[in-house]
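**Student:** Mind looking at a prediction? Sequence and model below.
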Amino acid sequence: MVKKIKFQSPSGMHDILPEEYKYFQKVYDVSDKVANFYNFQKIETPIVEDTELFTKGTGFSTDIVQKQMYNLKTKGGDCLTLRPEFTPGIARAYIEHGMHNMPQPVKLYSMGPVFRYENPQAGRYRQFHQVNFEFLGEKSAVADSQVIQIFYNILKDLKLKNLVVEINSIGDSQCRPYYKKLLVNYFKSREQSLCLDCRRRLKENPLRIFDCKDEKCQRVKAEAPQIINHLCEECHRHFKQVLEFLEELQLPYHLNPYLVRGLDYYTKTVFEISDNSEEGKVLGTLAAGGRYDVLLKLLGGKDTPALGGAVGVERVVSLMREKSVKFSKVIATEVFLAQLGDLAKRKSLKLIEEFKEAGIQIGESLGRDSLKAQLRMADKMGAKYTLILGQKEALDETIIIRDMIKGSQDIVKMEKVVKEIEKHIGK
C-alpha cells in the first residue's frame, strides 16, 4: 500500500520543477529582450493590494471580482486581495508616484504570479504567471497596433506558429450606452435560452454575455447586434486606424465582433492572440489585452489614455512543451574543477570565485571526494579541461590541467591557472 503524502501543493497551484522552469526562464528572457528593444521599463508592484482597487478598477460585475478573488483581512482590519491581474496595481503606482509628470507615454512591464479562484483545468491554475506590458499616457491608434505587435513578437520569438490575432472595438462612453440598450432588448426577448450566469449578467453588464462558453448562450449571441455597427465617429476612426496599422505590419488578424474581454475597464480596442493548431485551441488564449482610457481617472488619477495586455506564461509553456520547441544549444561547461582533501576544498572555493570574475563557467562537485567520480561528472558535462587539485598540489600552490580530449596534462602555478585556461579556450 502506497503511503499518502501528508502535504501537497494546494489545489490548482503547482510546483515549477527545474525541467519545466527552463521554459519559464525562456519566456522571461524573450520578454525582457523585447521590452528592452521597445524601451519598456520594468516595475514590480505588491502581490497584495487594497481590495477596492480591484472592485473599482477591474469591475464589480466581472467574474474575477464576484467569484475569483482571494481576499484577506489583516489584524489591523485592512481588506487586501492577492492580485488577480497586474493592470490596476500598475495604474495605482502610476498615480501614486506622479508618473503623469514624466515624459509621456510611460511604458512599463512586469512579470510574476497572479491569483484567481477558478476550476483547475488545462492551462488554468489558481496561481499562475503573467508577463504584462502597459502603455500609459498614449491615445494614438498606433500604440494599439504596437502593443499587439509586441505580444505577437514574444510568441513568435518563442517559436510558436499558427498565431492569429482576434480583434474588436467595444466603443466608449459615447456609443456603448446605446449599444447596451440594444443588447438588453435583444437578450431579454431570449432570456429563457440563457444560462443562469448570463441572466445575471443581463442585469449587470450585458456585454459579459459574449464571454460565456455555454453552448446554448453561444447560439443566442451568434445573432446579437454587433457593436462594430454602432460605434461613434471617434471610435470608428480609431479602430479603422488600428486595422490599417496591423495591415501595414502584415499581422494576421481576424475581426471578431463578439470579442469583449472580461474586464469592465476596457474601451475601444480589445484583442486576443491564440495558436490556431489543435493543441493551441485546447489551451485557449495565449495573450490578450486592450485599451482602458477611463481606468486611471476612475482610480482617482488624471484623465489618462492607456492600454496594455498580458501573456499567460503557463499556457505558453504548455504549448512549447507540447510542440517540443527546442532551445538554442546550451554551450557545455568547458572547465571542470576536481579536488581531493580538505585543504584542496578550501583552496577550490577561492579559485571558483576567480573563474567567476574572469567570466568563465566552471563545473565542480565539492561534496565528492572520489577523483574517478568527479572525472566522470566532468566527462558528462562535456568539459574540455579538468583542473585537478589534490593535497600535494594544494601545498605546492600548483594545479594540474588535464586535456579531456587528448588525455595530456600540465602542471601550472595556481596563480596563473585562470590565464592559462583563457589561452586554452580562446577567451
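**Tutor:** Perfect, I can see it now.
**Student:** contacting residues around residue 105?
**Tutor:** 135-138, 143 (C-beta atoms under 8 Å, 6 or more residues apart in numbering). Every C-beta, even on glycine, is put in place using the N, C-alpha and C of the backbone.
**Student:** Okay, residue 324 and residue 101: tell me how far apart.
**Tutor:** The gap separating residue 324 from residue 101 is 49 Å, by C-beta to C-beta, to the nearest Å.
**Student:** what does residue 408 give?
**Tutor:** 66 Å.
**Student:** Please, which helix or strand holds the residue nearest to the spatial centre of the chain?
**Tutor:** Geometric centre of the chain, nearest residue: residue 131, 2.6 Å, by C-alpha atoms, centre = their mean. Following DSSP states H and E, one finds residue 131 within strand 127-136.
**Student:** Note down every partner strand of that strand and its orientation.
**Tutor:** Its sheet considered, strand 127-136 pairs with strand 106-115 (antiparallel), strand 306-312 (antiparallel) by DSSP bridges.
**Student:** which of those is buried the deepest?
**Tutor:** strand 306-312 (a mean of 25; mean count of other C-beta atoms under 10 Å).
**Student:** what's in contact with that strand?
**Tutor:** 27, 31, 85-87, 90-91, 123, 128-138, 143-144, 147-148, 151, 154-155, 269, 271, 285-293, 295-296.
**Student:** And the nearest residue to residue 32 once chain neighbours are set aside, its phi and psi?
**Tutor:** Using C-beta to C-beta, 6 or more residues apart in numbering and skipping residues adjacent in sequence, the residue nearest residue 32 is residue 42, 7.9 Å away. Main-chain torsions, residue 42, degrees, to the nearest 10: phi -80, psi 140.
**Student:** again, but for residue 417
**Tutor:** phi -60, psi -40.
**Student:** same deal with residue 49?
**Tutor:** Torsion angles, degrees, to the nearest 10, at residue 49: phi -140, psi 170.
**Student:** Look up how far residue 373 lies from it.
**Tutor:** Distance of residue 49 to residue 373, given as C-beta to C-beta: 51 Å.
**Student:** Looking at these two, which has the bigger crowd around it?
**Tutor:** A direct count of neighbours by other C-beta atoms under 10 Å for residue 49 and residue 373 places residue 49 higher, at 19 against 12.
**Student:** Residues in a beta bridge with that one, which ones?
**Tutor:** residue 81.
**Student:** Tell me how many other residues crowd the closest residue to residue 273 other than its chain neighbours.
**Tutor:** Nearest residue to residue 273 in three dimensions, chain neighbours excluded: residue 287, at 4.4 Å (C-beta to C-beta, 6+ apart). Neighbour count for residue 287, taken as other C-beta under 10 Å: 26.
**Student:** Can you tell me how far the closest residue to residue 361 other than its chain neighbours is from residue 132?
**Tutor:** Setting aside the residues directly before and after it, residue 361 is nearest to residue 333 in space (C-beta to C-beta, 6+ apart), at 5.2 Å. Distance, residue 333 to residue 132, by C-beta to C-beta: 35 Å.
**Student:** Looking at the two, which one has more neighbours?
**Tutor:** residue 132 (23 against 16).
**Student:** Quickly list what the more buried one is bridged to.
**Tutor:** residue 110, residue 310.
**Student:** who are the neighbours in contact with it?
**Tutor:** 86-87, 90, 109-111, 308-311.
**Student:** got it, and residue 48?
**Tutor:** 72, 80-83 are the contacts of residue 48 under C-beta under 8 Å, 6+ apart.
**Student:** Let's see if you can find the most crowded of the residues you listed.
**Tutor:** Most neighbours among these, by other C-beta under 10 Å: residue 83, with 25 neighbours.
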